[in-house]
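K.L.:
Sequence isn't available, so here's the structure alone:
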DNA sequence: ACAGCGATAGACCGACTGTTCTATCTACGA
DNA sequence: TCGTAGATAGAACAGTCGGTCTATCGCTGT
């Protein structure tokens, strides 16, 4: 088994690609990825079969990370579903406020990957389903009359906040989304 | 002056680029644009100075068209500001339902045009300001207590609906956004 | 009739795309 | 100690990118 050693080429490649594809879009050149990871050209094709394979793997890893972040954000907010859901929007507020925020990686990927058959699309689709399921679970626990529909509305607010955060960050879109989220959640029986 | 004649190379180029950049993203090649417009290579550089110039001009024209469409959608909905604003979301519902819908052109442009100094960004920014102003005007007429903030929320809902429409059209995101828009608008004194 | 202008077709450019290849180096296990 | 696997550097591939250039065609106004 791997004794804790310095990250191998595969790991370095994923790290570099994760950052570079976000910062400069999916159009970054292979050369830039290799230089960023300090990795030989051959290693890329050995480990991922090509640029598309690398991108897909990056999306997969990012999705897993972000999904985990959603969970831990909600867990850190305590047991109340209402608080847990609103914490997501507070978190988004922090994210879009960072000056290195460049928009939602998954939306950008879907818009940039022209080929509808690109395996990356399946990853982003699944990611959104997982997040929706996360929301739905909280809303169900809350006794919301339409948990699925409300979860879709929350995801729409997330999308909107992330998009608005990329194009007009000064307007604090996460706060605006949070207000609306309160109303979505507030339809539950225990509403104040 | 120009007697009504067949559209010249400049017009053809704009038309073709408007469609191709939307369908295939900003990454479409110059050759594809030329072939799509049936125009000589030289004409592009004569009229627009290069691909970036063409793209910027396409964004400018699209923005003017879409802004006009917002106005006419609202005008067709009658004089009541509430009805006029909600009509926007009904219209968005039709747009995202079309099977050739490929997402919001302006968001895609901002995400794809990596260089923050690209003149296209100024166009999209101005476009969003105009639409926001349109919303603000209606909300003000309605006596909304926070017309600017509410307009920002409506634009966030528009962004969210357009983004969701691109990634999961089956969920009827425009309807979900419309519900929330009603609540935004409903904060005005004349609320039912 | 002819000059001039706008458009056309298409060769050509260097730079860069993703990919394949050879050759060399290094570390680990038998 | 030697062989092998994995990594390295880098040449080379065909293809495409955006952009420049030459040459020719066709229309218009004088």
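P.N.:
Everything's here; your move. Predicted model only: the values in this text are computed from it and were never measured.
K.L.:
Check the burial of residue A:75 by counting its neighbours.
P.N.:
11 (other Cβ atoms under 10 Å in any protein chain shown). Backbone N, C-alpha and C define where each C-beta goes, glycine included.
K.L.:
List the contacts of it.
P.N.:
With contact taken as Cβ atoms under 8 Å, 6 or more residues apart in numbering or on different chains, residue A:75 is in contact with residue A:84.
K.L.:
Secondary structure element holding it?
P.N.:
helix A:51-76 (DSSP states H and E).
K.L.:
So which bits of that helix are buried?
P.N.:
For helix A:51-76, the neighbour count (16 or more other Cβ atoms under 10 Å in any protein chain shown) marks A:51, A:54-60, A:62-63, A:66-67, A:70, A:73-74 as buried.
K.L.:
Can it be said to contact DNA strand C?
P.N.:
Yes. Against DNA strand C, helix A:51-76 shows contacts by Cβ under 7 Å from any atom of the strand at A:51-52.
K.L.:
How far off centre is that helix?
P.N.:
6 Å (Cα atoms, centre = their mean, to the nearest Å).
K.L.:
Following the chain onward from it, which element is next?
P.N.:
Moving toward the C-terminus from helix A:51-76, the next helix or strand (DSSP H and E) is helix A:81-97.
K.L.:
Give me the helices and strands touching that next one, please.
P.N.:
Judged by 3 or more Cβ pairs under 8 Å, 6 or more residues apart in numbering or on different chains; DSSP states H and E, helix A:81-97 is in contact with helix A:51-76, helix A:119-141, helix A:147-167, helix A:173-186.
K.L.:
Is there any residue in the second one that contacts chain B?
P.N.:
So the one you mean is helix A:119-141. Yes. Judged by Cβ under 8 Å from any Cβ of the partner chain, helix A:119-141 comes into contact with chain B at A:124-125, A:128.
K.L.:
Selection in PyMOL covering whichever of these are buried, please.
P.N.:
Remark: buried members of the residues of helix A:119-141 next to chain B, expressed as a PyMOL selection using 16+ other Cβ under 10 Å:
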select buried, chain A and resi 124+128
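K.L.:
Save the residues of helix A:119-141 next to chain B as CSV, and put in pLDDT too.
P.N.:
What follows is the residues of helix A:119-141 next to chain B, written out as CSV (pLDDT from 0 to 100):
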residue, pLDDT
A:124, 98
A:125, 97
A:128, 98
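K.L.:
Out of the residues of helix A:119-141 next to chain B, which comes closest to DNA strand C?
P.N.:
Distance to DNA strand C across the residues of helix A:119-141 next to chain B (Cβ to the nearest atom of the strand) is lowest for residue A:124, with 19.4 Å.
K.L.:
Was I right to think the closest one contacts residue B:166?
P.N.:
No. Judged on Cβ atoms under 8 Å, residue A:124 makes no contact with residue B:166 at a distance of 10.9 Å.
K.L.:
what is in contact with the two at once?
P.N.:
Common contacts of residue A:124 and residue B:166 (Cβ under 8 Å, 6+ apart): A:107, A:110.
K.L.:
what sits against the nearest residue to residue A:50 once chain neighbours are set aside?
P.N.:
For residue A:50, ignoring the flanking residues on the chain, the nearest one in space by Cβ to Cβ, 6 or more residues apart in numbering or on different chains is residue A:44 at 7.5 Å. Shown in contact with residue A:44 (Cβ under 8 Å, 6+ apart): A:13, A:30, A:33-34, A:50-51, A:54.
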